[in-house]
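Enquirer: 3D, please:
(chains A and B)
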Amino acid sequence: MAAGAKVDVPAGLDFIQLLTPEGERLEHPDFPLEISASEIRELYRDLALVRRFDIEATALQRQGELGIWAQVLGQEAAQIGSGRALLPGDMVFPTYREHGVAWCRGIAPENLLQLFRGVNFGGWDPAQHNFGLYTIVIGAQTLHAVGYAMGMQKDGAEDAVIVYFGDGASSEGDVNESFIFAASYNAPVVFFLQNNQWAISVPEERQSRIPLYRRAHGFGFPGVRVDGNDVLACLAVTRKALEHARTGQGPFLIEAFTYRMGAHTTSDDPTRYRLASELETWKLRDPIERVKAYLSRNGLADAAFYDGVDAEAEELAGRVRSACLSMPEPKPLDIFNQVYAGGSPLVDEERLAYEDYLAGYDANSDAGSGRGGEH
Amino acid sequence: MTAIAIARALNMGLRKALESNPKVIIMGEDVGKLGGVFRVTDGLQKDFGDDRVMDTPLAESGIIGTAIGLAMRGYRPICEIQFDGFVFPAYDQIISQLAKLHYRSGGQVKMPVVIRIPFGGGIGAVEHHSESPEALFAHIAGLKVVACSNAADAFTMIQQAVASDDPIVFFEPKRRYWEKAELDTDLPLAQAFPLHAARVVRPGRHLTLLAYGPMVRVALDAAKVAADEGHELEVVDVRSLSPIDWETIAESVRHTGRCVIVHEAQVFLGMGAELAARITEKCFFSLQAPVLRVGGFATPYPPSRMEENFLPDLDRVLDAVDRSLAY
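Expert: Residues are numbered from 1 along each chain as shown, chains lettered A, B, ... in the order given. Predicted coordinates:
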């Protein structure tokens, strides 16, 4: 692969778009969208708040308050558009980057930080929000989503599942097996593939020779590509796909064509493998700017509205920061909690032994760090 | 001789392996332009081309499965698995195919495949990035398993692993990647310390500490502190987890009469279980205390804010040493 030879968005824009980067509203015959000005303002607010949260989390990581952070920067429209298409009964299976979808499901943003700060592996009850735990092993959640959807189907529920994954994950065996199971059982599941162009340093062309949405056809269900930086198109397409699933028509693949504007995580350095000019190109397609352009151009929002959102964003950032800094530290013996639903004598024995060990450590400074050396 | 970090020593060893044989190839996620997430393959694609240093699709089973096919065709693939916890999608290919092909083919099919895995915790990572699955591989007949603990070994062991006609799972101590040591890059491979041998890294007469990978540093630190208290601990770097160099280990334990085994992996059915059982058989009449083990708890690897409690440290090692010496 030649250095920096990334495919650009095809000239003919081979995707569904309802709002251009310049803020011009388009119609699509298959994906109509009735939406009021106030609803669009709400979407703007979602996008702006999620971005501000993401910036704050990144700053917290840089200051050593989080072990790592996976930025959502650039993918806000894909997540807010699809997230706002969900009904309360729908179930979400996320990767580790679905901060925008979590926002739509009513999960307090500060709770998302717990995993990244390293105080626990969750931070919310999946059943309460119909939003599964973040999944770090790539693609594993797609099979869980299909199984959950099969359960909904057996229960006669009129809900659907949406599962998020990426262009890199599309190569995993689990993802391909999930397509097969979903098709075989006609499961009510929407596969929402955010093609952000990069699996850490590996470009999408290494994962697929055809546009990823076309994979669905080979598995026997519909697939479409949507402008992932267009919140209106993501909303309209996801609504339709969920309706397709809910009405017994089976799985649906959405490829949201977007861009990871930040690094893979705060541990990554994208300057080693992609050109700065690529980011500049994508900045012109920013998911938030186009909504602002549309609202402003049509006189649907004034300075007071934007000032209000900005103030709310700053308030959110402050709240997230103080919640992060005041997060309770887990206690050493918490390690032994919840290993088994029914308990285990082995775990109990080790917990007791470690408790004794810690007690001796406290009682006798000689047994503690007083002995020196590395810890 | 210059001081080189483990990650860099591995990089230099890989470079030598690529130079030594045109059939040697590297494959994995992000090993090309990025140079791997730990930069172990830094610059290799630039110098050897993307035909020999291949960024693969994001699919671990695919990486190992195709490496098996490449090996059948005469290549010697070095596969990188990005983190310990991501090896499991490839586990079927490793266990059911890679480990068994030589046996199934009556020795006709050789599998000179190296699987590099950065392993262990202590880096404040999120889940699946800090695990120690070595016993899950050492348990499987047909695989060889090694773990390096320092830069000099990293440099030679990776080359020896590539030269092996058997599949080798090569564990790298990720939290020690940046620790430096003196390294003789001109030493011919034939004269290097054997791959499947344990090594006494600090002599002593009161107790044998067995460790490998990232825990060798902890064992050496413990021995230093114990020396101040009048106890001379012998530290043995096990290095090869399958096969195990019983001769070196048994000789040490017969000499000291006591043994403490240290690893990050869960104690329950970990490498220490096999080591302790065999040491008891071989050294029964020399032992003055039961063989003790220090390691992870019978829990999943915990969230990073608790990992320092999970990982054996100087104090937990010395606590076990005290208990052994008190017998």
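Enquirer: What's the local residue count around the closest residue to chain B within chain A?
Expert: Proximity of chain A to chain B (C-beta to the nearest C-beta) peaks at residue A:118, 3.2 Å away. From N, CA and C alone the C-beta is placed, and that goes for glycine too. Residues lying near residue A:118 (other C-beta atoms under 10 Å in any protein chain shown) number 24.
Enquirer: I'd guessed residue A:361 sits against residue B:315; true?
Expert: Yes - counting by C-beta atoms under 8 Å, residue A:361 touches residue B:315, with 6.9 Å between them.
Enquirer: number of nearby residues for the residue of chain B found nearest chain A?
Expert: Nearest to chain A, among the residues of chain B, is residue B:304, at 3.2 Å (C-beta to the nearest C-beta). Burial of residue B:304 is recorded as 25 neighbouring residues (other C-beta under 10 Å).
Enquirer: How about it: what's its closest non-neighbour residue?
Expert: With sequence-adjacent residues excluded and distances taken as C-beta to C-beta, 6 or more residues apart in numbering or on different chains, residue B:304 is closest to residue A:118, at 3.2 Å.
Enquirer: tell me the phi and psi of the one you found?
Expert: When read as degrees, to the nearest 10, the backbone of residue A:118 gives phi 90, psi 20.
Enquirer: Contacts only, for it.
Expert: Neighbouring residues of residue A:118 by C-beta atoms under 8 Å, 6 or more residues apart in numbering or on different chains: A:67, B:124, B:126, B:303, B:304, B:305, B:306, B:307.
Enquirer: Tell me the one among these nearest to residue A:100.
Expert: Minimum distance to residue A:100 across the contacts of residue A:118 is 19.4 Å, recorded for residue B:126 (C-beta to C-beta).
Enquirer: contacting residues around the closest one?
Expert: A:67, A:68, A:96, A:115, A:116, A:118, A:136, B:304.
Enquirer: which other helices and strands contact the helix or strand hosting the fourth one?
Expert: Spelled out, that is residue A:115. Applying DSSP states H and E as the criterion places residue A:115 in helix A:109-117. Under the contact definition 3 or more C-beta pairs under 8 Å, 6 or more residues apart in numbering or on different chains; DSSP states H and E, helix A:109-117 sits against helix A:37-62, helix A:99-104, helix A:303-325.
Enquirer: One more pass at 6 Å, please.
Expert: helix A:303-325 (3 or more C-beta pairs under 6 Å, 6 or more residues apart in numbering or on different chains; DSSP states H and E).
Enquirer: okay, now the domains of chain B?
Expert: For chain B, automatic domain parsing gives the domain ranges B:2-191, B:199-325.
Enquirer: Adding mean pLDDT, write those domains out as JSON lines.
Expert: Converted to JSON lines, the domains of chain B look like this (pLDDT from 0 to 100):
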{"stretch": "domain B:2-191", "mean pLDDT": "97"}
{"stretch": "domain B:199-325", "mean pLDDT": "98"}
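Enquirer: does stretch B:225-241 come close to chain A?
Expert: Yes - against chain A, stretch B:225-241 shows contacts by C-beta under 6 Å from any C-beta of the partner chain at residue B:225.
Enquirer: And that stretch, what's buried?
Expert: Judged by neighbour count (16 or more other C-beta atoms under 10 Å in any protein chain shown), stretch B:225-241 contains these buried residues: B:225, B:226, B:231, B:233, B:234, B:235, B:236, B:237, B:238, B:239, B:240, B:241.
Enquirer: and the last one, what does it touch?
Expert: When contacts are counted by C-beta atoms under 6 Å, 6 or more residues apart in numbering or on different chains, residue B:241 touches B:134, B:138, B:145, B:271.
Enquirer: The same query, at a cut-off of 7 Å, please.
Expert: Residue B:241 makes contacts with B:134, B:138, B:145, B:146, B:147, B:212, B:271, as judged by C-beta atoms under 7 Å, 6 or more residues apart in numbering or on different chains.
Enquirer: could you pull out the helices for chain B?
Expert: Secondary structure of chain B (DSSP state H): helices at B:6-20, B:44-48, B:60-72, B:91-92, B:101-104, B:134-138, B:151-163, B:215-228, B:246-256, B:271-283, B:307-310, B:314-325.
Enquirer: ditto for chain A
Expert: Secondary structure of chain A, counting by DSSP H: helices at A:37-62, A:76-83, A:99-104, A:109-117, A:126-129, A:140-155, A:173-185, A:215-219, A:231-246, A:276-283, A:289-297, A:303-325, A:345-363.
Enquirer: Mind putting those helices into CSV with mean neighbour count?
Expert: Below are the helices of chain A laid out as CSV (neighbours: other C-beta atoms under 10 Å in any protein chain shown):
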stretch, mean neighbour count
helix A:37-62, 20
helix A:76-83, 31
helix A:99-104, 25
helix A:109-117, 23
helix A:126-129, 13
helix A:140-155, 21
helix A:173-185, 20
helix A:215-219, 17
helix A:231-246, 24
helix A:276-283, 14
helix A:289-297, 19
helix A:303-325, 14
helix A:345-363, 14
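Enquirer: will you turn these into CSV that also has mean pLDDT?
Expert: Converted to CSV, these look like this (pLDDT from 0 to 100):
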stretch, mean pLDDT
helix A:37-62, 98
helix A:76-83, 98
helix A:99-104, 98
helix A:109-117, 96
helix A:126-129, 96
helix A:140-155, 97
helix A:173-185, 97
helix A:215-219, 97
helix A:231-246, 98
helix A:276-283, 95
helix A:289-297, 97
helix A:303-325, 98
helix A:345-363, 92
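Enquirer: Redo those helices as a markdown table? Include distance to residue A:337.
Expert: Listed next are the helices of chain A as a markdown table, based on distance: least, C-beta to C-beta, whole Å:
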| stretch | distance to residue A:337 |
| --- | --- |
| helix A:37-62 | 26 |
| helix A:76-83 | 32 |
| helix A:99-104 | 24 |
| helix A:109-117 | 15 |
| helix A:126-129 | 18 |
| helix A:140-155 | 23 |
| helix A:173-185 | 29 |
| helix A:215-219 | 41 |
| helix A:231-246 | 37 |
| helix A:276-283 | 43 |
| helix A:289-297 | 44 |
| helix A:303-325 | 22 |
| helix A:345-363 | 9 |
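Enquirer: Enumerate the residues of the stretch 101-250 of chain B near chain A.
Expert: B:124, B:125, B:126, B:127, B:128, B:221, B:224, B:225 (C-beta under 7 Å from any C-beta of the partner chain).
Enquirer: what's the angle between the helix holding residue A:115 and helix A:37-62?
Expert: Angle between the axes of helix A:109-117 and helix A:37-62 is 30 degrees (criterion: axes from the mean of the first three to the mean of the last three C-alpha atoms, to 10 degrees).
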